[in-house]
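**Student:** only geometry, no sequence info:
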């Protein structure tokens with residue numbers, strides 16, 4: 001079929017006509033020959049049956065008088081029919097009574113007699129007929145004929161059919177060769193024009209319409225398509241010319257803007273660095289604010305206790321004693337009010353002692369909170385002073401500093417912190433950048449836990465190390481991250497929080513890259529928590545790639 005599809009259309013049309021005509025003629029010849037064969041076989045069987053009946057009738061007298069010689073003489077009359085090759089007469093006991101064989105000297109094996117009827121074999125026709133006398137069966141006659149006449153007739157028909165078929169195909173080829181041009185010529189011309197248009201890109205060429213049939217309408221559509229292409233080609237050329245001019249102008253403008261873009265990039269990096277430091281500062285302010293809340297509570301408690309203090313009653317007792325200074329002994333022993341003063345002074349002393357202890361406790365609490373504020377501020381100042389300075393530090397100490405900066409917020413939101421420090425590695429890097437990253441990751445984990453609505457909010461910090469570097473994993477059991485957001489989580493401006501600005505993780509990823517490390521994220525989906533892993537090299541010049549959290 002592939003080779004047929006690749007033929008020219010005129011050959012296809014010619015071939016289709018010849019095949020169609022040949023198939024129709026072949027079917028007609030086959031039907032005729034089949035009909036003739038069936039008819040001839042039927043007539044042959046009828047004629048042979050009549051011959052057998054006549055021979056049987058002529059042999060009836062010989063059977064009645066047991067005259068085998070007379071029966072054989074009758075059978076010899078079959079030699080005028082060359083197609084009858086054998087015949088036999090059987091008596092009532094089905095014994096051979098008289099025989100005929102066209103091939104002299106051949107010992108023929110006669111079949112066992114059976115009921116009247118004919119049977120066609122591959123090369124012969126056999127007929128059995130009963131022989132009657134006076135309405136009673138007295139024997140059986142058997143006649144065998146070859147099928148040479150049928151075979152000869154079939155060969156003649158086949159030869160005639162072959163000749164007719166060849167002549168018909170030849171005539172069909174001559175007619176199809178002439179008629180196919182009505183279809184193939186317009187198609188060929190249309191294909192030639194299409195090839196010319198393709199090669200020369202000349203869309204002004206048009207095909208000539210020769211009729212109003214399907215081919216004519218096809219040519220109309222082809223010409224209309226060429227017209228549309230020609231129009232669009234002109235529009236496209238005009239647009240291309242204009243585009244080239246704009247590209248040239250834009251290229252010149254880009255040459256002027258390239259230096260500004262470089263300056264903007266440097267400014268963006270500086271802004272990202274400042275935003276990161278702002279994240280750390282925000283964490284510090286949150287924690288200072290939490291401590292100040294505790295300071296305010298303690299100061300309020302001390303003020304309330306001082307307002308409700310019993311110390312003013314000491315002055316009242318002193319006034320009473322001063323009024324009875326002359327008879328103090330009698331007043332304390334004889335006067336009912338005076339007798340109550342010693343017991344009252346003992347009770348007042350106990351109350352004043354309790355008030356003093358409570359005030360001292362609150363003041364101690366105030367002192368510790370103020371010290372905590374000083375520590376947080378001092379730590380922030382130390383990191384700010386060492387910006388850009390490479391130092392050798394303990395990784396667990398860095399993590400603890402980041403946790404202290406978020407301690408108040410974590411406690412206020414009831415987030416439990418679990419520490420898994422499998423190793424205590426030491427690295428050489430810029431401390432403030434690592435702190436910037438860790439503070440942001442811890443704050444994000446706290447928000448994720450708080451938004452989940454869980455009762456058992458938990459943040460786990462896991463430290464591991466190998467020969468490539470250090471991994472710090474911040475693991476939470478919060479709201480988790482959608483799969484489609486995992487690839488965008490570090491993009492500038494991307495955030496899933498309503499109040500977020502989308503700078504923290506982006507700046508953290510930039511800072512980690514500047515340190516020679518990286519940040520990776522993993523989450524099994526919503527409400528499955530998340531794991532952010534900061535990977536760092538041991539030294540500034542080393543580069544460590546993303547590592548899965550252990």
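**Tutor:** Arrived safely, thanks for sending. These figures come from a predicted structure and were not determined experimentally.

**Student:** Strands of this protein, residue ranges please.
**Tutor:** 84-90, 96-101, 117-120, 124-133, 136-146, 390-394, 416-421, 426-430, 458-465, 470-476, 518-522, 530-536 (DSSP state E).

**Student:** Dump those into CSV; add distance to residue 323, mean neighbour count and mean pLDDT as well.
**Tutor:** Heads up, the C-betas are built off the backbone N, CA and C, glycines and all. Output for the strands of the chain, formatted as CSV (distance: least, Cβ to Cβ, whole Å; neighbours: other Cβ atoms under 10 Å; pLDDT from 0 to 100):
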stretch, distance to residue 323, mean neighbour count, mean pLDDT
strand 84-90, 177, 23, 89
strand 96-101, 181, 19, 88
strand 117-120, 164, 14, 86
strand 124-133, 169, 19, 88
strand 136-146, 173, 21, 89
strand 390-394, 71, 13, 88
strand 416-421, 63, 13, 94
strand 426-430, 76, 19, 90
strand 458-465, 68, 19, 95
strand 470-476, 71, 24, 96
strand 518-522, 80, 19, 94
strand 530-536, 77, 24, 95
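
**Student:** want to throw those into JSON lines with distance to residue 313?
**Tutor:** Listed next are the strands of the chain as JSON lines, based on distance: least, Cβ to Cβ, whole Å:
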{"stretch": "strand 84-90", "distance to residue 313": "161"}
{"stretch": "strand 96-101", "distance to residue 313": "165"}
{"stretch": "strand 117-120", "distance to residue 313": "149"}
{"stretch": "strand 124-133", "distance to residue 313": "154"}
{"stretch": "strand 136-146", "distance to residue 313": "158"}
{"stretch": "strand 390-394", "distance to residue 313": "57"}
{"stretch": "strand 416-421", "distance to residue 313": "48"}
{"stretch": "strand 426-430", "distance to residue 313": "63"}
{"stretch": "strand 458-465", "distance to residue 313": "52"}
{"stretch": "strand 470-476", "distance to residue 313": "56"}
{"stretch": "strand 518-522", "distance to residue 313": "65"}
{"stretch": "strand 530-536", "distance to residue 313": "61"}
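
**Student:** so which of those comes closest to residue 320?
**Tutor:** Nearest to residue 320, of all the strands of the chain, is strand 416-421, at 58.2 Å by Cβ to Cβ.

**Student:** quick one: strands adjacent to that closest one?
**Tutor:** Sheet pairing of strand 416-421 (DSSP bridges) gives strand 458-465 (parallel).

**Student:** I'd like the distance from the strand it pairs with to the chain centre, please.
**Tutor:** 36 Å (Cα atoms, centre = their mean, to the nearest Å).

**Student:** Now do it and strand 426-430, the angle between them.
**Tutor:** With axes from the mean of the first three to the mean of the last three Cα atoms, to 10 degrees applied, the angle from strand 458-465 to strand 426-430 works out at 100 degrees.

**Student:** if we can go back for a sec, ok, which of the strands of the chain comes nearest residue 228?
**Tutor:** Between those, strand 518-522 lies closest to residue 228; by Cβ to Cβ that is 53.5 Å.

**Student:** helices and strands around the closest one, which ones?
**Tutor:** Counting contacts by 3 or more Cβ pairs under 8 Å, 6 or more residues apart in numbering; DSSP states H and E, strand 518-522 packs against helix 504-514, strand 530-536.

**Student:** Please name whichever of the strands of the chain is nearest to residue 249.
**Tutor:** The nearest among these, by Cβ to Cβ, is strand 518-522 at 41.3 Å.

**Student:** tell me how far that closest one is from the chain's mean position?
**Tutor:** 26 Å.

**Student:** Can you lay out the helices and strands packed on strand 518-522 as JSON lines showing distance to residue 337?
**Tutor:** What follows is those, written out as JSON lines (distance: least, Cβ to Cβ, whole Å):
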{"stretch": "helix 504-514", "distance to residue 337": "72"}
{"stretch": "strand 530-536", "distance to residue 337": "74"}
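
**Student:** Residue 81 is nearest to which of these?
**Tutor:** Of all those, strand 530-536 comes closest under Cβ to Cβ, at 108.5 Å.

**Student:** tilt between the closest one and strand 470-476?
**Tutor:** Going by the same axes, to 10 degrees, strand 530-536 makes 160 degrees with strand 470-476.

**Student:** what's strand 530-536 packed up against?
**Tutor:** Packed on strand 530-536, when contacts are counted by 3+ Cβ pairs under 8 Å, 6+ apart, are helix 431-452, strand 470-476, helix 504-514, strand 518-522.

**Student:** The last one vs helix 431-452, what angle?
**Tutor:** In other words, strand 518-522. Using the same axes, to 10 degrees: strand 518-522 against helix 431-452 is 10 degrees.

**Student:** Kindly report the same for the second one.
**Tutor:** Going by the same axes, to 10 degrees, strand 470-476 is angled at 20 degrees with respect to helix 431-452.

**Student:** so how far is strand 470-476 from its chain's centroid?
**Tutor:** Distance, centroid of strand 470-476 to centroid of chain: 33 Å (Cα atoms, centre = their mean).

**Student:** Would you agree residue 202 is in contact with residue 196?
**Tutor:** Yes - with contact defined as Cβ atoms under 8 Å, residue 202 counts as touching residue 196 (7.3 Å).

**Student:** Overlap of the contact sets of those two?
**Tutor:** By Cβ atoms under 8 Å, 6 or more residues apart in numbering, residue 202 and residue 196 have no common neighbours.

**Student:** what stretches of the stretch 201-350 of the chain score poorly on pLDDT?
**Tutor:** Scanning the stretch 201-350 of the chain for pLDDT under 70 picks out 261-262, 264-298, 301-302, 305-307, 310-312.

**Student:** how about low-confidence regions in the stretch 351-500 of the chain?
**Tutor:** Using pLDDT under 70, the stretch 351-500 of the chain drops low at 365-369, 371-388, 498-500.

**Student:** what's around residue 203, how many residues?
**Tutor:** Residues near residue 203, counting by other Cβ atoms under 10 Å, number 17.

**Student:** Quickly note the distance from it to residue 210.
**Tutor:** 22 Å (Cβ to Cβ, to the nearest Å).

**Student:** got a list of what the nearest residue to residue 216 once chain neighbours are set aside touches?
**Tutor:** Closest residue to residue 216 apart from its sequence neighbours, by Cβ to Cβ, 6 or more residues apart in numbering: residue 209 at 5.1 Å. Applying Cβ under 8 Å, 6+ apart to residue 209 gives the contacts 216, 219-220, 223.

**Student:** one more time with 10 Å, if that's ok
**Tutor:** 186, 215-220, 222-223 (Cβ atoms under 10 Å, 6 or more residues apart in numbering).

**Student:** Which of the residues you listed fall within helices?
**Tutor:** Using DSSP state H, 186, 215-220, 222-223 are the members of the contacts of residue 209 that sit in helices.

**Student:** Filter the residues you listed down to the buried ones, ChimeraX style.
**Tutor:** The following ChimeraX line selects those of these that are buried, judged by 16 or more other Cβ atoms under 10 Å:
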select :186,215,219,222,223
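
**Student:** out of the ones in helices among the contacts of residue 209, who's nearest residue 435?
**Tutor:** Among the ones in helices among the contacts of residue 209, and counting by Cβ to Cβ, the member closest to residue 435 is residue 222, at 74.5 Å.

**Student:** And that closest one, how far from residue 9?
**Tutor:** 16 Å.

**Student:** ditto for residue 181
**Tutor:** In terms of Cβ to Cβ, residue 181 sits 11 Å off from residue 9.

**Student:** so what's in contact with those two at the same time?
**Tutor:** residue 188.

**Student:** hang on, the earlier thing: tell me which of the strands of the chain lies nearest to residue 246.
**Tutor:** Using Cβ to Cβ, the nearest of those to residue 246 is strand 518-522, at 40.9 Å.

**Student:** Which parts of this structure are helices?
**Tutor:** 2-5, 9-58, 60-64, 68-75, 148-179, 181-200, 214-307, 312-323, 328-333, 336-385, 395-405, 407-412, 431-452, 504-514.
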